[in-house]
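Enquirer: here's my sequence, what's the structure:
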Amino acid sequence: LCIWVTDEEGRRTKTGLERVVPVSDKLLPALERRLESTRGGELFPFAVDDSGASFGRLWLKKVKNIDATLTMHGFRAYATSQMENAGVNPGVARLILGHEQADVHEGYFHKQIGTLKEAVDKIH
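Expert: Sure, this is the predicted structure:
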């Protein structure tokens, strides 16, 4: 399952970039329950009238469950770092996050010391 992020009439993406974002298989049961509850309509009907602002507030509450200090922007850095430290190809991570330029993407991730140690161990 993927989510297609694109501009629509009256709604614009932050960057204006169209992209396809894959959804983790772990989230599929929750999405299926959501679709059943909305009878196949909008996934988040409460967010349609305010261009997603209410969805953003709901999402931020979930983000805070990961780390109480995270902001929405901080969550992007968190997700980027998690992908990078898990060995996801940086080009793939950039596509998912909508970063066109590598230098922008690089500003979002922070290598964990374990990842750096693993890299050093590979050459020794």
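Enquirer: any stretches of the protein with poor pLDDT?
Expert: Low-confidence segments of the chain, defined by pLDDT under 70: 9-17, 40, 51-52, 101-102, 104-112, 124.
Enquirer: where exactly do the strands run in it?
Expert: Remark: strands assigned in the chain by DSSP state E are 2-5, 19-22.
Enquirer: distance-wise, check the closest residue to residue 78 other than its chain neighbours relative to residue 91.
Expert: Once flanking residues are discounted, residue 78 sits nearest to residue 70: 6.1 Å by Cβ to Cβ, 6 or more residues apart in numbering. The C-beta positions use only the backbone N, C-alpha and C, and glycine is treated the same way. In this view, residue 70 and residue 91 are 25 Å apart by Cβ to Cβ, to the nearest Å.
Enquirer: which of these two has more residues huddled nearby?
Expert: Comparing residue 70 with residue 91 by neighbour count (other Cβ atoms under 10 Å), the higher total belongs to residue 70, at 16 against 10.
Enquirer: thank you kindly, that will do.
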